[in-house]
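Participant: Need a 3D model of the sequence below.
(2 chains)
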There are 2 protein chains.
Amino acid sequence: MGYSSKLIERTVEEFSQLPSIGKKSAFRLVLHLISQPQDKVKEFTDAINHMKANLKTCAECYNLSDEAVCSICKNLSRQRTTICVVESVRDVIAIEETDHYNGLYHVLGGVISPLEGIGADDIKIQELIDRISAQGVTEVIMALSPTIEGDTTIFYISKLLQGKAINITTLSRGVAFGSELVYTDELTLGRSILARVPYGQNHDK
Amino acid sequence: MGYSSKLIERTVEEFSQLPSIGKKSAFRLVLHLISQPQDKVKEFTDAINHMKANLKTCAECYNLSDEAVCSICKNLSRQRTTICVVESVRDVIAIEETDHYNGLYHVLGGVISPLEGIGADDIKIQELIDRISAQGVTEVIMALSPTIEGDTTIFYISKLLQGKAINITTLSRGVAFGSELVYTDELTLGRSILARVPYGQNHDK
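Facilitator: Predicted coordinates for the structure are as follows:
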């Protein structure tokens, strides 16, 4: 696009490298920043730079954290014998949002994917095993995506934990709450018939 | 949302103040920046700060510019007797994109809107009149949005130019190219019947 300004062009270019931001959206964002007072814009860029310079990975669960150990791992009111294994930081936030979990997390930083060249050693599996042994964990919840890679990772970890007195669980699978049956994919619908449960079990009490 | 990091929370907050960026999109953008190398992120924030500190308003047309006078006004191959009057910088870029205009611009920085308390003195109307008198302009194209405010502004400026030997034109209005008649609003469709043109006039030759 002809911006008649190299300064704008460069900033639009930078913004459009962000995910799901096209050239037109980028330009709209840049025009917004241009219309803001200088100190507001400084606050925006300072927040980014400050975060980038100071953000750490939690030494225990590998969640993103402001300090060496994250606020979830440091929270003594959380149940320390349960670890919820997730792929990424986004999953931690999604599960925290539900308000239905009060244990700890373990962020693998990916799932085993031979196609993408991600093996068991590339993600934090050994760290999980070490943690489970050291901390007296009694339940490991495998909250990975219901994909081939997710299932492979669950299988691999469950093999490593075989013989230990640990309860391994996975998220329940089935028809989503509030969804319409006709829009549910065949596989999910089929499996949810096979795995049907007594009336009342799925409903809030 | 529970980010377990004040650094992330603050940056998400900043991003979500940008137009059409909600909390979830903001978080996705922040996670992207977290995954980028430090110098890439620095480049991003530097581009913004550098632009903000150095961007100027063109002293002639009030377009955004890297220098005191913008590249369009400085371009001697452009027709200097035609001025296209627009509301904002975005319109300049939209018209430049068409590749159908080779004159100069005048960015009003708004339109007259009594409801929003914007009067003729709040936008660059006097500057336009001064410029037209000083530069020997022969045609003024009123490229304002087809709204009550746009039409009021066109009317006001045309009154100020009355008696001068200046050709005042507006953008043609009618059915959009490539649009379907059934989706064209009644007003536009009705007016485009009244303002029908001989066959061939609207078609590219």
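Participant: end-to-end on stretch A:114-125?
Facilitator: Start and end residues of stretch A:114-125 are separated by 16 Å (C-alpha to C-alpha, to the nearest Å).
Participant: Can you pull the phi/psi pair for A:L160?
Facilitator: Torsion angles at A:L160 (phi, psi; degrees, to the nearest 10) stand at phi -70, psi -30.
Participant: what does the one 3 residues further on give?
Facilitator: The phi and psi values for A:G163, taken as degrees, to the nearest 10, are phi 90, psi -20.
Participant: who touches it in this structure?
Facilitator: Not one residue lies near A:G163 by C-beta atoms under 8 Å, 6 or more residues apart in numbering or on different chains. For the C-beta atoms, the positions are set from N, CA and C on the backbone; glycine is no exception.
Participant: so how far is chain B from it?
Facilitator: 33 Å (C-beta to the nearest C-beta, to the nearest Å).
Participant: ditto for A:F155
Facilitator: On the measure of C-beta to the nearest C-beta, A:F155 and chain B end up 27 Å apart.
Participant: next one: A:S71
Facilitator: Distance from A:S71 to chain B, by C-beta to the nearest C-beta: 5 Å.
Participant: And A:I132, by the same measure?
Facilitator: Counting by C-beta to the nearest C-beta - A:I132 and chain B are separated by 21 Å.
Participant: For the helix or strand harbouring that residue, name the packing helices and strands.
Facilitator: For A:I132, the element it lies in under DSSP states H and E is helix A:125-135. In terms of contacts (3 or more C-beta pairs under 8 Å, 6 or more residues apart in numbering or on different chains; DSSP states H and E), helix A:125-135 is packed against strand A:82-86, strand A:104-107, helix A:148-160.
Participant: The last one - what's its average pLDDT?
Facilitator: It stands for helix A:148-160. Averaged across helix A:148-160, the pLDDT comes to 94.
Participant: Report the angle between that helix and strand A:82-86.
Facilitator: Angle between the axes of helix A:148-160 and strand A:82-86 is 140 degrees (criterion: axes from the mean of the first three to the mean of the last three C-alpha atoms, to 10 degrees).
Participant: Helix or strand next in line after helix A:148-160, which one?
Facilitator: Later in the chain than helix A:148-160, the nearest helix or strand by DSSP H and E is strand A:167-170.
Participant: pLDDT of stretch A:164-179, averaged?
Facilitator: Across stretch A:164-179, pLDDT averages out at 86.
Participant: Pull out the buried positions in that stretch.
Facilitator: Within stretch A:164-179, the residues that count as buried by 16 or more other C-beta atoms under 10 Å in any protein chain shown are A:I166, A:T170, A:V175.
Participant: Now do the second one against chain B, distance only.
Facilitator: This points to A:T170. 23 Å.
Participant: Kindly report the same for the first one.
Facilitator: Using C-beta to the nearest C-beta, A:I166 is found at 25 Å from chain B.
Participant: So what's the residue count around the nearest residue to that residue once chain neighbours are set aside?
Facilitator: Leaving aside its sequence neighbours, A:I166 sits nearest to A:V140 (C-beta to C-beta, 6 or more residues apart in numbering or on different chains; 5.8 Å). Residues lying near A:V140 (other C-beta atoms under 10 Å in any protein chain shown) number 25.
Participant: did I read that right, A:V140 in a helix?
Facilitator: No: A:V140: not assigned to a helix; according to DSSP: H, G, I helix; E, B strand; the rest coil it is strand.
Participant: Next, the contact list for it, please.
Facilitator: Contacts of A:V140 by C-beta under 8 Å, 6+ apart are A:T82, A:I83, A:C84, A:V85, A:L128, A:I132, A:I157, A:L161, A:I166, A:N167, A:I168, A:T169.
Participant: quick one: pLDDT of it?
Facilitator: Predicted confidence (pLDDT) for A:V140: 94.
Participant: by how many degrees do the helix of greatest length in chain A and helix B:38-54 diverge?
Facilitator: As assigned by DSSP state H, the longest helix anywhere in chain A is helix A:38-54. Using the same axes, to 10 degrees, the direction of helix A:38-54 lies 170 degrees away from that of helix B:38-54.
Participant: and the next helix or strand after helix A:38-54, anywhere near chain B?
Facilitator: Next helix or strand after helix A:38-54 toward the C-terminus (DSSP H and E): strand A:56-57. No: applying C-beta under 8 Å from any C-beta of the partner chain, one finds strand A:56-57 out of contact with chain B, separated by at least 8.9 Å.
Participant: residues making contact with strand A:56-57?
Facilitator: So strand A:56-57 is in contact with A:N63, A:L64, A:S65, A:D66, A:E67, A:A68, going by C-beta under 8 Å, 6+ apart.
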